[in-house]
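K.L.:
this one's sequence-less:
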Ligand code: NAI
Ligand code: MG
């Protein structure tokens, strides 16, 4: 890779950054009470882009109070479902109107290729708001049968769960915001959102759209800050009714413990070590391109990334060769360069973590077929890496790397039960893919794999209408679809003796 060239930002993104963004609490743009800030970095160059407020417990308290007031005495709770729906739809429209600006800010902040942000992240967020805008008018209870003597009228009401704390990661900052904020608004909740400290910028720009759309003050509050301070305060807050978290399994467990104080509802979307399984009859062009993309997309920083690739013995060499060629063809560079399709990792911490795994793969005896190194001395770049001759005892096979590193293993068994045992040999259960043209194999494997999502001849796929989430240590609950609406509502049973 040549020296990193940093393209110019567009005028709108420049204007936003020139403002030194603040936090949004109760409809006002505020500094942290402590006055502290933290720097936001461009991971391609390590330059500081701007500083944002370092919120802590005091700011979280203030935001939760605002969210409580907005829930219980503001205009939000009195809006008709149709009016709530319109506001959520409008947020989708506003995002769509500013797609280029959001894509540029996201790319600069996270490092991801701007072309991907333009094509996937921002349009994905738009469609989440538009899909969820359909829910307020469809949420309803039921009438219930009563077996006791006399005349009765019994029914359920579906009510907002209340004030929700939402803690999101840095890999898809705007996407994860949309997955969290859109359904919570649709359910009628009020929100305190804490973006990841590595990537707070699109959330703050989104806060401006919340105001432009006409969402009442205090309904969406955005507190920037570190996980151990602002995040922990939100997770343990006694007046928060639910916490929704996406991030590491380790922190997920901490969230569960913090939530126990007031038994707040918890939903968790955590890590993965997802398998992609290529059967000998697969369309190999499709399978190679698909499984390469499934690990190298977003530099491997995807919770569903296909980090364990299983290829049948008879096609193993071809698959290893094909995925390695795909790895060697990526165009690496500054995320803002529209021709780049592979940017840096998000942070120094993540860069060190991934390079630690690359070192351990060598010492544990994996064969580095391609890649295997960090790139340059400035910016958090690593090579897309294919490791062959890996086995279940290696750290690189067992632990989530969250980088562009795929471990290839072969299988020579035609017994699907045995293949499924390989695939399920992990503490995670987020996602998986099966590559075959045989419908019988595809659907039987889909049943045998323990994961929240199984894709056939594709990977890393999600849709606002599909429930998404993990089994085993990949999480609790489901996001999207009608299931997420259940997770942001409480059901109340009402029995009337007539
Ligand atoms: P993390 O789990 O620490 O961070 C995710 C979010 O949780 C951030 O907003 C962070 O501020 C917050 N947080 C951190 N500690 C907290 C605490 N004690 N209480 C409340 N909130 C807290 O993830 P991190 O450290 O950025 O990455 C470490 C590893 O986690 C990655 O290498 C990857 O393996 C995994 N990860 C998985 C993600 C996923 O989508 N499943 C997303 C991000 C990271
Ligand atoms: Mg962390």
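P.N.:
Structure's in. What do you need? As the structure is a computational prediction, the values presented were derived from the model and not from experiment. Ligands and ions are numbered 1, 2, ... in the order given.
K.L.:
Now do stretch 7-22: everything it contacts.
P.N.:
29-31, 49-53, 98, 100-101, 104-105, 108, 200-201, 204-205, 334, 336-338 (CB atoms under 8 Å, 6 or more residues apart in numbering). Every residue, glycine included, has its C-beta placed from N, CA and C.
K.L.:
if you look at those, which of them are in helices?
P.N.:
Taking DSSP state H, the ones among the contacts of stretch 7-22 that sit in helices are 100, 101, 104, 105, 108, 201, 204, 205.
K.L.:
List only buried entries from the residues you listed.
P.N.:
Taking 16 or more other CB atoms under 10 Å as the criterion, what is buried in the ones in helices among the contacts of stretch 7-22 is 101, 104, 105, 108, 201, 204, 205.
K.L.:
need the residues of this protein near ligand 1, please.
P.N.:
Residues of the chain lying near ligand 1 by CB under 6 Å from any ligand atom: 167-171, 194, 196-197, 226-228, 231-232, 235, 246-248, 251, 254-255, 270-271, 303, 350, 353, 400, 402.
K.L.:
For residue 76, give me its contacts.
P.N.:
Residue 76 touches 70, 84, 188, 190, 215, 216, 218, 219, counting by CB under 8 Å, 6+ apart.
K.L.:
Need the residue closest to the centroid of the chain.
P.N.:
residue 176 (4.4 Å; CA atoms, centre = their mean).
K.L.:
which residues does residue 154 bridge with?
P.N.:
Each beta-bridge partner of residue 154 is listed here, defined by DSSP bridges: residue 144, residue 495.
K.L.:
Can you get me a residue count around it?
P.N.:
15 (other CB atoms under 10 Å).
K.L.:
quick one: pLDDT of it?
P.N.:
Looking at residue 154, its pLDDT stands at 98.
K.L.:
OK, contacts around it?
P.N.:
Per CB under 8 Å, 6+ apart, neighbours of residue 154: 143, 144, 145, 146, 493, 494, 495, 496.
K.L.:
and with 10 Å instead?
P.N.:
142, 143, 144, 145, 146, 148, 493, 494, 495, 496, 497 (CB atoms under 10 Å, 6 or more residues apart in numbering).
K.L.:
which SS class is the fifth one?
P.N.:
Right, residue 146. Assigned by DSSP: H, G, I helix; E, B strand; the rest coil, the conformation of residue 146 is coil.
K.L.:
Look up phi and psi at the closest residue in space to it that isn't next to it in sequence.
P.N.:
What sits nearest to residue 146 in space, not counting adjacent residues and going by CB to CB, 6 or more residues apart in numbering, is residue 152, at 3.9 Å. Phi and psi for residue 152, reported as degrees, to the nearest 10, are phi -130, psi 150.
K.L.:
Quick one: residues contacting residue 152.
P.N.:
Per CB under 10 Å, 6+ apart, neighbours of residue 152: 144, 145, 146, 495, 496, 497, 498.
K.L.:
rewinding a little: just the buried subset of the residues of the chain next to ligand 1, please.
P.N.:
Buried among the residues of the chain next to ligand 1 by 16+ other CB under 10 Å: 167-171, 194, 196-197, 227, 231-232, 235, 246-248, 251, 254-255, 270-271, 303, 350, 353, 400, 402.
K.L.:
Compute the number of surrounding residues for residue 349.
P.N.:
11.
K.L.:
ditto for the one 5 residues further on
P.N.:
By other CB under 10 Å, the residues close to residue 354 number 22.
K.L.:
isn't there a strand covering it?
P.N.:
No. The assignment for residue 354, made by three-state DSSP, is helix rather than a strand.
K.L.:
Tell me the confidence at it?
P.N.:
For residue 354, pLDDT reads 98.
K.L.:
quick revisit: among the contacts of residue 154, find me the one that's closest to ligand 1.
P.N.:
Taking CB to the nearest ligand atom as the measure, ligand 1 lies nearest residue 493 of the contacts of residue 154, at 33.4 Å.
K.L.:
looking at this, the closest one is in a helix?
P.N.:
No. Using three-state DSSP, the assignment for residue 493 is strand, not a helix.
K.L.:
Which residue comes closest to it once chain neighbours are left out?
P.N.:
Nearest residue to residue 493, sequence neighbours excluded (CB to CB, 6+ apart): residue 156, at 5.4 Å.
K.L.:
which phi and psi does that neighbour have?
P.N.:
Dihedral pair for residue 156: phi -110, psi 150, per degrees, to the nearest 10.
K.L.:
Tell me the spacing between it and residue 117.
P.N.:
Residue 156 sits 41 Å away from residue 117, going by CB to CB, to the nearest Å.
K.L.:
ok, those two, which is more surrounded?
P.N.:
residue 117 (32 against 14).
K.L.:
Tell me the spacing between the more buried one and ligand 1.
P.N.:
Per CB to the nearest ligand atom, to the nearest Å, residue 117 is found 17 Å from ligand 1.
K.L.:
Could you do residue 61 as well?
P.N.:
15 Å.
K.L.:
the domain parsing of this protein - what is it?
P.N.:
As assigned by automatic domain parsing, the chain contains the domains 11-270+475-495, 275-463.
K.L.:
okay if I get these as TSV plus distance to residue 5?
P.N.:
TSV is the format used below for the domains of the chain (distance: least, CB to CB, whole Å):
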stretch	distance to residue 5
domain 11-270+475-495	9
domain 275-463	6
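K.L.:
Can you mark which positions in stretch 452-472 are buried?
P.N.:
Result for stretch 452-472 [16+ other CB under 10 Å]: buried residues 452-456, 459-460, 462, 464, 467-472.
K.L.:
swap that for stretch 369-388, please
P.N.:
So stretch 369-388, judged by 16+ other CB under 10 Å, has buried residues 369-372, 374, 379-388.
K.L.:
for these, which one is nearest residue 79?
P.N.:
Closest approach between the buried residues of stretch 369-388 and residue 79, by CB to CB: residue 380, at 43.9 Å.
K.L.:
Could you check how far that closest one is from residue 120?
P.N.:
21 Å.
K.L.:
One more: residue 484?
P.N.:
Going from residue 484 to residue 120 by CB to CB gives 20 Å.
K.L.:
neighbour count winner among those two?
P.N.:
More crowded of residue 484 and residue 120, by other CB under 10 Å: residue 484, with 27 against 18.
K.L.:
Please identify the buried residues of whichever helix or strand that one is part of?
P.N.:
Here residue 484, judged by DSSP states H and E, is contained in helix 481-487. Using 16+ other CB under 10 Å as the test for burial, helix 481-487 gives 481, 483, 484, 485, 486, 487.
K.L.:
Then stretch 84-100?
P.N.:
Quick answer for stretch 84-100 (16+ other CB under 10 Å): 84-85, 87-92, 94-96, 98-99.
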